[in-house]
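S.K.: following is a predicted model, sequence given first.
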Amino acid sequence: MTISPLVDQTIAAIGPLDAAAVAAAEARQGVLTKPPGSLGRLESLSIQLAGILGQPIPQITGKAVIVVAGDHGVAAEGVSAFPAEVTPQMVFNFVAGGAAINALARHAGANITVIDAGVGYGAANIARGPAMSREDAVRCLEIGINAANEQADAGANLIAGGDMGIGNTTPSAAITAAVTGADVASVTGRGTGVDDAGLEAKIATIRRALEVNQPDGSDGMDVLTKVGGFEIGVLAGVMLGAAARNCAVVVDGFISGAAALIAWRLCPDIAQRYIAAHRSVEPGHNVGLQAMGLSPLLDMEMRLGEGTGAALAMPIVEAAAKCLAEMATFTEAGVSDGDD
Ligand SMILES: Cc1cc2ncn([C@H]3O[C@H](COP(=O)(O)O)[C@@H](O)[C@H]3O)c2cc1C
Ligand SMILES: O=C(O)c1cccnc1
């Protein structure tokens, strides 16, 4: 498969986890002053981080949320409770620091970058034809890879994407259905809050998008081109770029989950570098996570996107690394380990 030199190189750089670092972290978890396994998922998370970062005692050196905005032609089908103007209006809000993601990223100590992925000439209406050309899909992936590289160069090793795009739960459901094979009705939710009639119409629109476009769910580029969106393509690129730099990828909600599915189809090894932050209220989110073998850290009944769930989970991920790094061993603390 050849996508472009940059995308191909990036995918080729994503390998399996560092087995020696995993083994060392596992061994250290076994001798820290606590009953074995008592820190639950903090333990497995620290071991996964060791493998991702390639460090026996992993250290989070920087956190970044890359928020990507894009417009969706399919919004014209009435699939959202809000008008498309909200997308550029929210971009100004991100820049001014007043959105939920600004509050949560500040709380997490994460740097925010905002990318306009074609607001104003967004993706075409997927109910009538493909979302974008193959060239645009490649460009989206490259923009995301470059953005992740910039954050990695600045010291981040915990990287999340966030989305803003009125209508984008519609392509996300189409992507999730195409990649996982799940029925459209089981992966379609209310997004910003459409009513019962709106939900029925949204399901019908997504069915039409899949019928008209016939995406090949095993081919990430085909799915992105036919039923994706510009911000979703950039987010998939962010994930590929971050993983190629041995950064941990914190996966946010439904839209980020759809982008994660596309990146996973392009590079199956990437799933080991994903940390699923939370379970969104959107029913399709969990379907996608399960397909990739991921179990979310939090269930906060959130359904916003923007990277909010990912930012909220970042301090927990960092806490996992700190326990592994800072706790004393039984020997160091002179605590009986129960074996003697
Ligand atoms: C004020 C506002 C802020 C948001 N921030 C994220 N979204 C989220 O909601 C939208 C997806 O839902 P749907 O498919 O129903 O349009 C996306 O913009 C997503 O980022 C927002 C939506 C609104 C209205
Ligand atoms: O889970 C999400 O990311 C989500 C859900 C609804 C609307 N916007 C985003």
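M.R.: Right, received. Where do you want to start? Ligands and ions are numbered 1, 2, ... in the order given.
S.K.: which regions of the stretch 51-200 of the chain sit below the pLDDT cut-off?
M.R.: 119-120 (pLDDT under 70).
S.K.: all helices for it, in order.
M.R.: 86-96, 100-108, 134-153, 169-180, 184-187, 196-213 (DSSP state H, counting those that start in this stretch).
S.K.: close to ligand 2, is the fourth one?
M.R.: Yes. Legend: contact between helix 169-180 and ligand 2 by Cβ under 6 Å from any ligand atom is shown at Thr169. Glycine gets a C-beta too; all of them are placed from N, C-alpha and C.
S.K.: report how many residues lie close to Pro36.
M.R.: Per other Cβ atoms under 10 Å, the neighbour tally for Pro36 reads 12.
S.K.: that one reaches Gly30, doesn't it?
M.R.: Yes. Assessed by Cβ atoms under 8 Å, Pro36 is found in contact with Gly30 at 6.1 Å.
S.K.: which residues does the residue lying closest to Asp163 once chain neighbours are set aside contact?
M.R.: Distances taken as Cβ to Cβ, 6 or more residues apart in numbering place Ile255 nearest to Asp163, at 4.0 Å, with adjacent residues excluded. Residues counted as contacts of Ile255 (Cβ atoms under 8 Å, 6 or more residues apart in numbering) are 163, 165, 168-169, 172, 231-232, 235, 305.
S.K.: if we use 10 Å, what do you get?
M.R.: Contact analysis of Ile255 by Cβ atoms under 10 Å, 6 or more residues apart in numbering lists 68, 70, 161-165, 168-169, 171-172, 175, 191, 229, 231-232, 235, 280, 282, 285, 305-307.
S.K.: which parts of this structure sit against ligand 1?
M.R.: 80-82, 86, 90, 163-170, 191-192, 304-306.
S.K.: what about the residue most central in space within the chain, distance to Val212?
M.R.: Residue closest to the average C-alpha location in the chain (Cα atoms, centre = their mean): Val251, at 2.9 Å. Distance, Val251 to Val212, using Cβ to Cβ, to the nearest Å: 29 Å.
S.K.: how near is the one residue in the chain that gets nearest to ligand 1 to Arg106?
M.R.: Ligand 1 sits closest to Gly191 of the chain, with a gap of 2.3 Å, by Cβ to the nearest ligand atom. For Gly191, the distance to Arg106 (Cβ to Cβ) stands at 26 Å.
S.K.: so between these two, which is more surrounded?
M.R.: Just comparing Gly191 and Arg106: by other Cβ under 10 Å the higher neighbour count belongs to Gly191, 26 against 12.
S.K.: tell me the contacts of the more buried one?
M.R.: Residues near Gly191 by Cβ under 10 Å, 6+ apart: 79-82, 166-170, 172-173, 198-199, 202, 254-255, 281-282, 303, 305.
S.K.: also Ser295?
M.R.: 41, 44, 276, 279, 286, 289.
S.K.: show me what contacts His285?
M.R.: Taking Cβ under 10 Å, 6+ apart, one finds 169, 172-173, 176, 187, 189, 251-258, 276, 278-279, 296, 303, 309 in contact with His285.
S.K.: if we use 6 Å, what do you get?
M.R.: Counting by Cβ atoms under 6 Å, 6 or more residues apart in numbering, His285 touches 254, 257.
S.K.: doesn't it lie inside a helix?
M.R.: Yes. According to DSSP: H, G, I helix; E, B strand; the rest coil, His285 belongs to a helix.
S.K.: could you measure from it over to ligand 2?
M.R.: Applying Cβ to the nearest ligand atom, to the nearest Å, the value for His285 to ligand 2 is 6 Å.
S.K.: please apply the same query to Gln48.
M.R.: 23 Å.
S.K.: quick one, grab the pLDDT at that residue.
M.R.: What the model reports for Gln48 is a pLDDT of 99.
S.K.: that one: how many residues sit nearby?
M.R.: Gln48 has 22 neighbours, counted by other Cβ under 10 Å.
S.K.: packing partners of the helix or strand containing it?
M.R.: Gln48 is located in helix 41-53, with elements delineated by DSSP states H and E. With contacts taken as 3 or more Cβ pairs under 6 Å, 6 or more residues apart in numbering; DSSP states H and E, helix 41-53 sits against helix 19-31, helix 308-326.
S.K.: most packed of the ones you listed?
M.R.: Highest mean neighbour count among these (mean count of other Cβ atoms under 10 Å): helix 308-326, with a mean of 22.
S.K.: close to ligand 2, is that one?
M.R.: No. Judged by Cβ under 6 Å from any ligand atom, helix 308-326 makes no contact with ligand 2; its nearest approach is 7.1 Å.
S.K.: quick one: that helix to helix 100-108, angle?
M.R.: Counting by axes from the mean of the first three to the mean of the last three Cα atoms, to 10 degrees, helix 308-326 lies at 10 degrees to helix 100-108.
S.K.: following helix 308-326, which helix or strand comes up?
M.R.: Next along the chain after helix 308-326, taking DSSP H and E as the criterion, comes helix 330-333.
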